[in-house]
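J.: can you look at this prediction? I've put the sequence above it.
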Amino acid sequence: MNVADLKNITGRAYPARRRTQNLVGGASPVQAEHFAMGLVTLEPRGGQVPWHSQEQEEVYFILEGVGEMCLGDEVRELCAGQIVKIPPGVYHQLSNKGGAPLRMIYCYGPAGDAAHWRQELAGTLPRAGVEAPPLPAGAQYPQRTEA
């Protein structure tokens, strides 16, 4: 039986002010062929999963906090208990609007590498409105691209 314990999964801090802990896939001892899953904590007031797209279909499930979700040309506030589906190839960004951490679970499939993690660490994320489509009208948080 392959078991992972969240309290033993340190995860990785990213420049856009978030920590990602791989629950299934990535650095986790639990691996799956068809999906990956993790816990993300966005720091208060602007911690972010920056504007990016990926080939996998994905969902975000907000556990606590309030955030601004940009998906394609839409902007919407998300709060605890809400789930958003992200189609493959669609640019998206989630920013923490609140004064407390925002915690969410992501799940995407098929399993595999999410290139935006490496790009963010290297400072090479495609910039919104330059190498990538612009953020949707009404977005309050700019994409964080600095390494």
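T.: Now that the structure is in, tell me what you want to look at.
J.: so the residue nearest in space to the middle of the chain: helix, strand or coil?
T.: Centroid check for the chain by CA atoms, centre = their mean gives residue 49 as the closest residue, at 4.1 Å. Following DSSP: H, G, I helix; E, B strand; the rest coil, we place residue 49 in the strand state.
J.: doesn't residue 93 make contact with it?
T.: Yes - counting by CB atoms under 8 Å, residue 93 is a contact partner of residue 49 at 6.3 Å. Yep, even glycine has a C-beta here, placed from its N, CA and C like the rest.
J.: contact partners for the residue nearest to the centre of the chain?
T.: Contacts were defined as CB atoms under 8 Å, 6 or more residues apart in numbering; by that measure residue 49 touches 16, 18, 40, 42, 92, 93, 94, 95.
J.: where do the helices sit along the protein?
T.: Assigned helices in the chain, in chain order: 115-122 (criterion: DSSP state H).
J.: the bottom helix or strand of it by mean pLDDT?
T.: helix 115-122 (a mean of 92; mean pLDDT, DSSP states H and E).
J.: got any ranges where this structure has weak pLDDT?
T.: For the chain, no stretch is flagged by pLDDT under 70.
J.: in it, which spans are strands?
T.: 12-14, 18-24, 36-42, 48-52, 57-64, 66-71, 74-79, 83-86, 92-96, 102-109 (DSSP state E).
J.: quick one: which of those is nearest residue 1?
T.: For these, proximity to residue 1 was assessed by CB to CB; strand 18-24 is nearest, at 14.5 Å.
J.: the closest one pairs with which strands?
T.: Strand 18-24 has the following sheet partners, assigned by DSSP bridges: strand 12-14 (antiparallel), strand 36-42 (antiparallel).
J.: let me have these in a markdown table, extended by mean neighbour count.
T.: Output for the strands paired with strand 18-24, formatted as a markdown table (neighbours: other CB atoms under 10 Å):
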| stretch | mean neighbour count |
| --- | --- |
| strand 12-14 | 16 |
| strand 36-42 | 21 |
